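Chemist: Structure of the sequence below:
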Amino acid sequence: MRTNWGAAFQIAAVYVGTVVGAGFATGREIVEFFSRFGFIGLVGILMSGYIFIFLGSKLMRISARIKAESYQELNEYLFGKLFGSAINILMLFMLLGVCAVMLSGAGAVFEEQIGIGKMTGLLITIGLTIITMIVGIRGLFAVNTFVVPMMIAFSFILMIISMKLPNFTEQVMFIPFAEDGWKAVVAPFSYTALNLTLAQAVLVPVASEINDDRTIKWGGYLGGAALTLILISSHLTLVMLPNIEAFDIPMAAIVKTLASSIYWIFVFVIYGEIFTSVIGNVFGIERQVKKYISLPSIATVSIIFVICYFISLINYGTLLSYLYPIFGYVSLTFIILLWMKPFAEDKNSNKV
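Modeler: Modelled structure (predicted):
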């Protein structure tokens with residue numbers, strides 16, 4: 001059998017769309033983990049890319065092989081029944097927390113960039129997510145397939161503009177002083193651990209839905225490679241912004257300065273990136289909650305949004321700065337076990 005490249009690209013788009021959430025899209029997450037460390041951050045991004053490519057693919061291939069319908073089965077496979085159950089409960093809280101960060105980021109885009117109240121932005125995002133959830137996994141594929149190519153294109157446009165600035169090389173090679181500089185060493189691992197742990201909520205059921213090892217493998221490779229390229233291009237753009245840690249949405253600040261003619265289109269892209277992550281997280285949480293409580297999907301999604309809404313009222317930058325690093329360290333155990341878990345290659349998996 002040959003690889004279904006159409007399905008592989010859909011998997012890659014969902015992979016990218018799930019990982020690229022509010023912090024990634026706005027640039028705040030990339031600043032927090034990489035760009036504030038200058039050239040050391042670029043080295044960290046390359047290490048992260050390697051992990052995204054190979055462990056992201058392995059995560060999905062294992063999920064399909066054990067026929068996991070949600071992240072519950074995968075965690076029990078990796079951690080065992082007892083510890084897996086504990087991790088699943090923790091995962092539920094992490095997904096709720098991150099979903100709240102995404103909603104807060106969506107509100108920040110409306111408030112900071114469009115001039116519309118945060119509350120309005122939250123309600124619009126919730127309404128659009130509910131519509132997408134009614135459509136189901138096809139809606140998840142459709143939204144990501146539309147948004148992800150736009151995001152990649154804009155990342156490269158901004159990088160090319162930044163490369164034309166006179167002090168580009170000096171800024172890329174510069175290593176600024178950071179009191180917590182030790183975090184630059186663990187950032188590639190905590191960052192990928194966080195994102196892969198949370199992404200499994202979407203990637204596990206998607207892999208089981210496709211259920212073709214070669215297609216899943218190449219979908220993971222393509223998605224991981226795309227994430228690496230977006231990280232590199234975003235970093236090379238962000239290092240050109242003075243005092244980058246002062247901005248909640250640094251990418252928008254750069255666009256407003258360097259490419260004001262495409263500013264409003266880019267704000268739309270940022271929102272689209274955040275939206276893909278919101279629907280991905282809600283999709284994963286809803287799949288998991290169904291394992292414990294038998295409720296109609298619309299009721300489950302409504303409860304999820306009520307919880308996330310109240311958490312999201314906290315300032316977006318504060319939420320991201322505190323929750324993401326903590327979740328990253330907690331998630332390290334997950335990728336260590338995923339890396340250590342043996343995976344026997346299908347003898348035909350090298351055929352494309």
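
Chemist: Any regions of the stretch 151-300 of the chain where pLDDT drops low?
Modeler: Flagging of the stretch 151-300 of the chain using pLDDT under 70 yields the residue ranges 248.

Chemist: can you give me the helices for it?
Modeler: For the stretch 151-300 of the chain, the helices defined by DSSP state H, counting those that start in this stretch cover 168-173, 183-210, 213-238, 250-258, 263-289, 297-312.

Chemist: To K118, which of the ones you listed lies closest?
Modeler: With C-beta to C-beta, the closest approach to K118 among the helices of the stretch 151-300 of the chain belongs to helix 297-312: 8.8 Å. Glycine gets a C-beta too; all of them are placed from N, C-alpha and C.

Chemist: mind listing what's buried in the closest one?
Modeler: Under the neighbour-count criterion of 16 or more other C-beta atoms under 10 Å, helix 297-312 has 300-301, 304-305, 308-309, 311-312 buried.

Chemist: Make TSV out of those residues and add distance to R65.
Modeler: Formatted as TSV, those follow (distance: C-beta to C-beta, whole Å):
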residue	distance to R65
T300	28
V301	30
I304	29
F305	33
C308	32
Y309	37
I311	35
S312	36
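
Chemist: ok, back up a step: closest to M119 out of the helices of the stretch 151-300 of the chain?
Modeler: helix 297-312 (9.6 Å).

Chemist: the inter-axis angle of that closest one versus helix 263-289?
Modeler: Going by axes from the mean of the first three to the mean of the last three C-alpha atoms, to 10 degrees, helix 297-312 is angled at 120 degrees with respect to helix 263-289.

Chemist: Kindly export helix 297-312 (C-alpha atoms) in CSV.
Modeler: The C-alpha trace of helix 297-312 is given here as CSV (Å, rounded to 0.1, in the frame of the first residue of the first chain):
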residue,chain,number,x,y,z
SER,A,297,-22.0,16.9,22.9
ILE,A,298,-23.5,20.4,23.0
ALA,A,299,-24.0,20.0,26.8
THR,A,300,-20.5,18.8,27.4
VAL,A,301,-19.0,21.6,25.2
SER,A,302,-21.1,24.2,27.1
ILE,A,303,-19.9,23.0,30.5
ILE,A,304,-16.3,23.1,29.2
PHE,A,305,-16.7,26.7,28.0
VAL,A,306,-18.3,27.9,31.3
ILE,A,307,-15.2,26.6,33.2
CYS,A,308,-12.7,28.0,30.7
TYR,A,309,-14.5,31.3,30.5
PHE,A,310,-14.0,32.1,34.1
ILE,A,311,-10.3,31.1,34.0
SER,A,312,-9.8,33.2,30.9
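
Chemist: elements contacting it?
Modeler: Judged by 3 or more C-beta pairs under 8 Å, 6 or more residues apart in numbering; DSSP states H and E, helix 297-312 is in contact with helix 81-108, helix 118-135, helix 263-289.

Chemist: Distance check, the closest residue to I232 other than its chain neighbours against T125.
Modeler: Counting by C-beta to C-beta, 6 or more residues apart in numbering, I232 lies nearest to I45, which is 5.8 Å off, once chain neighbours are set aside. As judged by C-beta to C-beta, to the nearest Å, I45 and T125 stand 28 Å apart.
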